[in-house]
Every structure is written in structure tokens, then in C-alpha cells.
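Enquirer: just a sequence and a predicted model for now, questions to come.
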Amino acid sequence: PRMAPPGPANEMLPKIYRSSLKEGDAYLLDTGFHVYLWMGSETKTATRAVAVHHAETYFNSWKRPVLPVTILKQGQETNAFDDFFVDGGSSGICGNMVQYFSHRSCCL
């Protein structure tokens, strides 16, 4: 994968493309100071539930401090969210896409 310049821990971060978000999935984006939970327009209820649960446990499992969490539905994205994607905003800053939730992998 293409890499972005080093982050605060001097680690190379993968470049994240807004166009890679699929409307049937949900994604958790950790920007370092804020966590976004993005829900595609066709995300199934079971996938949404798993994604929200994972967001709740994310902080403990990665030993992260509790950060603000914003849930965004496809089409309701903010400029602040879009700025963390290479092809989404003006700055092209990259966050860490932690995990995505697919209806294929988390239906109960």
C-alpha cells in the first residue's frame, strides 16, 4: 500500500482513499484525536450493531484514551472527516483506518 509521511510516533501511515469506502459496510477511523464511525447507506442492521459495539470496546482493546466518537451516515460526512482521506478533502491528512465491518463477516 502507498504510505503517507510519518506520524507522531514516526510510523509510516497508509494512505486512505475515500473512494474505497463501500456503501454496504461500516468503518472505524481513528485520527489520533477523534474516532469516526462511518456507516454506508446500505449497511445492514446487524453490521451497524457490531460496528457500534466495536467502537465501544475499541478504546480498551487498543489501550487508547477515550476520545470523541462521531457516527456518520453516508452522505452526511463533514469536512473534518473528509480531510483524513487522500481524495476527500483539501489537506490529505491520513488517519488510521482501524477496521471495517462487512455484512458478509458480521451478520449474526
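Expert: Looks like it came in fine.

Enquirer: buried sites along the longest helix along the chain?
Expert: Across the chain, the helix with the greatest residue count (assigned by DSSP state H) is helix 45-61. Neighbour-count burial for helix 45-61, counted by 16 or more other CB atoms under 10 Å, picks out 47-48, 50-52, 54-55, 58. All C-beta atoms are positioned from the backbone trio N, CA, C, and that covers glycine.

Enquirer: of these, just say which sits nearest to G75.
Expert: Taking CB to CB as the measure, G75 sits nearest to R48 out of the buried residues of helix 45-61, at 15.3 Å.

Enquirer: got the contact list for the closest one?
Expert: For R48, the contact set (CB atoms under 8 Å, 6 or more residues apart in numbering) comprises 26, 39.

Enquirer: 6 Å instead, please
Expert: Counting by CB atoms under 6 Å, 6 or more residues apart in numbering, R48 touches M39.

Enquirer: V86 versus that one, what's the distance?
Expert: 26 Å (CB to CB, to the nearest Å).

Enquirer: now F33: closest residue in space, sequence neighbours ignored.
Expert: Spatial nearest neighbour of F33, chain neighbours left out: L67 (6.4 Å); criterion: CB to CB, 6 or more residues apart in numbering.

Enquirer: quick check: that neighbour touching V35?
Expert: Yes - at 5.2 Å, L67 counts as touching V35 under the criterion of CB atoms under 6 Å.

Enquirer: these two - which one has more neighbours?
Expert: V35 (22 against 13; other CB atoms under 10 Å).

Enquirer: tell me if I'm right that that one and I71 touch.
Expert: No - with contact defined as CB under 6 Å, V35 and I71 do not form a contacting pair (9.8 Å).

Enquirer: ok so, going back, and the residue nearest to F33, helix, strand or coil?
Expert: Following DSSP: H, G, I helix; E, B strand; the rest coil, we place L67 in the coil state.

Enquirer: and it, how far from H54?
Expert: Following CB to CB, the distance that separates L67 from H54 is 14 Å.
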